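**Student:** Can you look at this prediction? I've put the sequence above it.
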Amino acid sequence: MGSATSPLDAALVVPPSATAAAAAVGTQEELKRVAAHRAVEMVESGMTLGLGTGSTAAHALDRLGDLLRCGALRGVAGVPTSLKTEAHAGLAGIPMLALGDAPRIHLSIDGADEVDPELNLIKGRGGSLLREKMIEGAGKRFVVIVDESKLVPRLGCTGAVPVEVVPFGCFHTLGLIRKVFDGLPGFSARLRTVATKDTAAKEVPFVTDNGNYIVEMFFDDGIRGDLREISDRLLQITGVVEHGMFLGLATDVVVAKKDGSVIVLDKK
Ligand SMILES: O=C(CO)[C@H](O)[C@H](O)COP(=O)(O)O
């Protein structure tokens with residue numbers, strides 16, 4: 001059981017809203033911030049970090065920027081998992097490295113859409129799953145930061161499971177993805193789209209930082225069956241680049257709870 005109060009909070013002058021006490025108020029945003037700050041306590045000077053994407057990871061970027069600015073951390077560099085994170089980290093004053101230029105990634109910090117009891121994750125509802133998996137999978141330690149609403153009994157319970165596909169033949173690939181779950185009651189899959197004002201079409205495909213599309217898979221009651229086997233079957237489809245099931249990658253999960261406590265689950 002961890003504490004929501006960071007020793008580094010004491011070293012910094014932070015507004016009361018950023019403290020553990022605020023977490024007891026329990027808005028989801030406050031819980032995200034508390035989880036992010038707790039994870040940043042694991043960062044040491046000189047580390048190279050995988051910098052995650054999303055609203056929870058954004059709190060970690062801000063915290064890292066604050067700690068670098070006040071000198072509590074020195075010599076830290078980050079490898080961003082998306083163009084959005086790269087822009088945010090730049091504004092926060094975090095020095096950055098490209099994936100191939102970082103000799104090693106000591107620690108990655110990122111949010112997740114779902115966390116199951118084995119610490120498997122669904123990630124990528126923000127669309128950054130490929131770079132996230134490349135960077136977080138390359139590091140020694142991957143710390144996931146979530147509020148308790150992200151804990152699920154089974155992956156795929158609360159929303160889309162994203163799959164990144166190349167644009168060429170995307171509807172053909174969508175058909176092949178559907179075949180993996182042929183006959184499964186409650187399963188559906190569709191291409192992720194976004195509204196546009198620019199063209200005659202009301203919706204256009206969502207495009208990832210890598211120029212790819214996203215297929216969203218939905219399960220009535222979560223994904224049942226052997227997750228690794230399902231992962232392998234998806235990855236065998238030519239046209240599939242990567243999927244958002246992060247199996248066995250998370251080493252620690254920091255969970256901020258509505259009662260103001262923070263727990264850290266780690267891989268057994
Ligand atoms: O995987 C991600 C982006 O691709 C995010 O980490 C995930 O969607 C969680 O986002 P948030 O912290 O905003 O809830």
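**Tutor:** Yep, it's here.
**Student:** does Gly137 really touch Leu249, like I thought?
**Tutor:** Yes. At 5.6 Å, Gly137 and Leu249 qualify as touching, with contact defined as C-beta atoms under 8 Å. C-beta: built from backbone N, CA, C; applies to glycine.
**Student:** the more surrounded of these two?
**Tutor:** More crowded of Gly137 and Leu249, by other C-beta atoms under 10 Å: Leu249, with 19 against 14.
**Student:** can you tell me how far the more buried one sits from Gly211?
**Tutor:** 24 Å (C-beta to C-beta, to the nearest Å).
**Student:** What parts of the stretch 101-250 of the chain come near the ligand?
**Tutor:** For the stretch 101-250 of the chain, the residues in contact with the ligand (C-beta under 6 Å from any ligand atom) are 110-113, 123-129, 132.
**Student:** Please identify, among the residues you listed, the one with the most neighbours.
**Tutor:** Glu132 (32 neighbours).
**Student:** OK, contacts around the nearest residue to Lys257 once chain neighbours are set aside?
**Tutor:** Computed as C-beta to C-beta, 6 or more residues apart in numbering, the closest residue to Lys257 that is not its neighbour in sequence is Glu148, at 4.8 Å. By C-beta atoms under 8 Å, 6 or more residues apart in numbering, the contact set of Glu148 is 31, 255-258.
**Student:** Just name the closest of these to the ligand, please.
**Tutor:** Leu31 (10.7 Å; C-beta to the nearest ligand atom).
**Student:** Can you tell me the element the closest one falls in?
**Tutor:** helix 28-40 (DSSP states H and E).
**Student:** what's the average pLDDT for that helix?
**Tutor:** Per-residue pLDDT values over helix 28-40 give a mean of 97.
**Student:** And it, what does it pack against?
**Tutor:** Helices and strands touching helix 28-40, as assessed by 3 or more C-beta pairs under 8 Å, 6 or more residues apart in numbering; DSSP states H and E, comprise helix 7-11, helix 20-23, helix 55-69, strand 107-110, strand 141-147, strand 252-256, strand 262-266.
**Student:** tell me the most buried of the ones you listed?
**Tutor:** Mean neighbour count (mean count of other C-beta atoms under 10 Å) peaks for strand 107-110 among those, with a mean of 28.
**Student:** any idea which helix or strand comes after it?
**Tutor:** Strand 107-110 is succeeded, C-terminally, by strand 114-115 (DSSP H and E).
**Student:** Show me the contact partners of that following strand.
**Tutor:** 121-122, 144, 146, 150-152, 155-159, 250, 253, 255.
**Student:** Please identify which pair of those lies farthest apart.
**Tutor:** Gly156 and Val255 (19.4 Å; C-beta to C-beta).
**Student:** With just CA atoms, put the host helix or strand of Pro162 into CSV.
**Tutor:** Per DSSP H and E, Pro162 falls inside strand 161-165. Provided in CSV are the C-alpha atoms of strand 161-165 (Å, rounded to 0.1, in the frame of the first residue of the first chain):
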residue,chain,number,x,y,z
VAL,A,161,-9.8,-2.6,-28.4
PRO,A,162,-7.8,-0.7,-31.0
VAL,A,163,-5.8,-2.4,-33.8
GLU,A,164,-3.5,-0.3,-36.0
VAL,A,165,-3.7,-1.2,-39.7
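**Student:** who does that strand touch, helix- and strand-wise?
**Tutor:** helix 129-138, helix 170-180, strand 213-218, strand 240-243.
**Student:** can you rerun that using 6 Å?
**Tutor:** Helices and strands touching strand 161-165, as assessed by 3 or more C-beta pairs under 6 Å, 6 or more residues apart in numbering; DSSP states H and E, comprise strand 213-218, strand 240-243.
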